[in-house]
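>>> sequence-free structure coming up:
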């Protein structure tokens, strides 16, 4: 399994702070496995992806195996 | 009498933190009444004069009567 | 002395700054900024979420850059996460240096970069409802200063 | 809250900043700079003399300019005079504001201008002998920033 951590407003969109998805996942697989609203959101260039704590430069670089943690990160808030 | 307050290194030069001089004093009178080393120092444009807490724009503006306090102020120190 | 922390409980800045100042003997000065949750009209609470694998390394990376850029003797960088009420401290950055300019500029630099270096997501509770806070333009102009 | 003071006794900055922070409810942040007498090689003591009729009004005038220039809720400006030992605090400036930039810039502004606005004369004791400290060029370049 792969844990998907949803941050900020993406947690609202996903309805939970984390999801569990079957391994492995690449960029196409992630989009297909996410609920539609979340799949749409992760395509937005403002939302970033990290795998095991490392930010991806390109989302198409995504390759996550069993036990990996994928984080979906919206832009940080001002204050 | 007029109290002359000597600040910073001018106090060293005057040998005391204050002097008492007979009133009244104008710019020429002050120079004549001060000990020579101090008289020389007050002519230096880096050293300023205040009368009763007010800085003089021009030293030649000096007119101090009985009971006045004249302060002789060297440049403030850096830190 | 270098002290970088995420805290999930209320903290008293004075209790951090006192020991920090004591730990940097011989310094010329210490500059400290403490940010509090503003009492804006109707804001009942603020919640800050973070993603530990990115947020703490982001703060450490920012501290590295501050030490590289300024002549510092010490740097304290503490950020709250979790639920906060108006008036509670949310961030405390303190820099000790031999020279005033380094201390002040390091705090200014860290505060300007904290939000982009460390990942935080803020939401506010107003009239019982939570609202996410969007990035502000001011943040970008602050970053452009450096 | 506005608190401008010359102190001829050792002070603990934390005991001033705590009440100052408490007095400015609803602020966004507070920036504080504390300068200490540096432990330069051989410096045994520092003496700061002032001329009350010029020094305190100079500090008040500087506070007026800071309040006019920045959006401040409070300003604390405390300066020691008299005899100090290395490690003792010599100056503490703290600014409280709704916005971080005002608080930091006000402290920076006050620190840059304090020496030219308020009249102080410093001398250092080295190997038992007192030496007057001359103005530094850095002070002029600091002032040119504003």
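Structure received. In this text the structure is predicted, and so the values were computed from the model without any measurement. Numbering: from 1, shown residues only, chains lettered A, B, ... in the order given.
>>> Enumerate every residue touching the spatially most central residue of chain C.
Centroid-nearest residue in chain C, with C-alpha atoms, centre = their mean: residue C:91, separated by 3.8 Å. Counting by C-beta atoms under 8 Å, 6 or more residues apart in numbering or on different chains, residue C:91 makes contact with C:33-35, C:78-80, C:111, C:114. Any C-beta I mention is one placed from the backbone N, CA and C, and that applies to glycine too.
>>> How about residue C:9?
Residue C:9 touches residue C:82, counting by C-beta under 8 Å, 6+ apart.
>>> Confirm that it sits in a strand.
No: counting by DSSP: H, G, I helix; E, B strand; the rest coil, residue C:9 is not part of a strand but coil.
>>> quick one: pLDDT of it?
For residue C:9, the pLDDT comes out at 96.
>>> ok, it to chain D distance?
19 Å (C-beta to the nearest C-beta, to the nearest Å).
>>> sorry, back to before: now, the contacts of residue C:91 that are in helices?
C:111, C:114 (DSSP state H).
>>> on that earlier part again, how near is the residue nearest to the centre of chain C to residue C:118?
With distances taken as C-beta to C-beta, to the nearest Å, residue C:91 is found 10 Å from residue C:118.
>>> shared neighbours of those two, which are they?
In terms of C-beta under 8 Å, 6+ apart, residue C:91 and residue C:118 are both contacted by the residues residue C:79.
>>> those helices in the chain, which residues are they?
Answering for chain A, as no chain was given. Under DSSP H, chain A gives helices at A:9-14, A:27-33, A:36-43.
>>> Not quite, go with chain C.
C:13-23, C:52-69, C:100-117, C:137-143.
>>> Out of those, which gets nearest to residue B:15?
Of all these, the one in closest proximity to residue B:15, counting by C-beta to C-beta, is helix C:100-117 (35.2 Å).
>>> Could I get the average pLDDT for the closest one?
Helix C:100-117 comes out at a mean pLDDT of 94.
>>> now swap in stretch C:27-37 and tell me
Across stretch C:27-37, pLDDT averages out at 93.
>>> from the chain's centre, how far out does that stretch sit?
10 Å (C-alpha atoms, centre = their mean, to the nearest Å).
>>> circling back: single out the most deeply packed of the helices of chain C.
Mean neighbour count (mean count of other C-beta atoms under 10 Å in any protein chain shown) peaks for helix C:100-117 among the helices of chain C, with a mean of 22.
>>> for chain A, what are the low-confidence residue spans?
The model of chain A has pLDDT under 70 over residues A:78-79.
>>> Now do the strands in it.
Using DSSP state E, the strands of chain A run over residues A:2-6, A:18-21, A:25-26, A:48-51, A:54-55, A:63-64, A:69-73.
>>> out of those, nearest to chain B?
In terms of C-beta to the nearest C-beta, the element of those nearest to chain B is strand A:54-55, at 45.1 Å.
>>> What are the buried residues along stretch A:9-20?
Neighbour-count burial for stretch A:9-20 flags A:9-11, A:13-14, A:19 (criterion: 16 or more other C-beta atoms under 10 Å in any protein chain shown).
>>> For the closest residue to residue A:70 other than its chain neighbours, list each beta-bridge partner.
Using C-beta to C-beta, 6 or more residues apart in numbering or on different chains and skipping the chain neighbours, the partner closest in space to residue A:70 is residue A:4 (4.8 Å). Judged by DSSP bridges, the bridge partners of residue A:4 are residue A:19, residue A:70.
>>> List the residues that contact residue A:4.
Contacts of residue A:4 by C-beta under 8 Å, 6+ apart are A:14, A:18-21, A:30, A:34, A:69-72.
>>> returning to what we had before: closest one to residue D:48 out of the buried residues of stretch A:9-20, please.
Out of the buried residues of stretch A:9-20, the member with the shortest distance to residue D:48 (by C-beta to C-beta) is residue A:9, at 54.8 Å.
>>> Any regions of chain C where pLDDT drops low?
Residues of chain C meeting the criterion pLDDT under 70: C:135-140.
>>> Can you get me a residue count around residue 40?
In the absence of a named chain, chain A is used. 12 (other C-beta atoms under 10 Å in any protein chain shown).
>>> look at chain C instead
Around residue C:40 there are 13 residues (other C-beta under 10 Å).
>>> Chain C against chain A: which residues are in contact?
C:49, C:51, C:53-54, C:57, C:90, C:115-116, C:119-123, C:132-136, C:138-139 (C-beta under 8 Å from any C-beta of the partner chain).
>>> Could you tell me the phi and psi values at residue C:28?
When read as degrees, to the nearest 10, the backbone of residue C:28 gives phi -90, psi -30.
>>> What is the burial count for it?
So residue C:28, with other C-beta under 10 Å, has 22 neighbours.
>>> nearest residue to residue C:128 other than its sequence neighbours?
residue C:44 (7.4 Å).
>>> Show the contacting residues for the one you found.
C:85-86, C:125-128.
>>> Now, of those, which are buried?
Buried among the contacts of residue C:44 by 16+ other C-beta under 10 Å: C:86, C:125.
>>> list the contacts for the residue minimising distance to the centre of chain A?
Geometric centre of chain A, nearest residue: residue A:72, 3.4 Å, by C-alpha atoms, centre = their mean. Contact partners of residue A:72, counting by C-beta under 8 Å, 6+ apart, are A:4-7, A:10, A:14, A:38, A:41-42, A:47-49.
>>> And the furthest pair within those?
Maximum distance among the contacts of residue A:72 (C-beta to C-beta): 15.5 Å, for A:14 and A:48.
>>> ok so, going back, name the nearest of the contacts of residue C:91 relative to residue D:69.
Distances from residue D:69 to those, taken by C-beta to C-beta, are shortest for residue C:33, at 18.6 Å.
>>> burial of that closest one, as a residue count?
When counting by other C-beta under 10 Å, one arrives at 24 neighbours for residue C:33.
>>> Looking at strand pairing, list the partners for it.
Here residue C:33 sits in beta bridges with residue C:93, residue D:31, going by DSSP bridges.
>>> Now do it against residue B:17, distance only.
41 Å.
>>> swap in residue C:55?
58 Å.
>>> go on, residue A:33?
84 Å.
>>> Could you do residue C:125 as well?
62 Å.
>>> again with residue C:128
Taking C-beta to C-beta, one finds residue C:128 at 67 Å from residue B:17.
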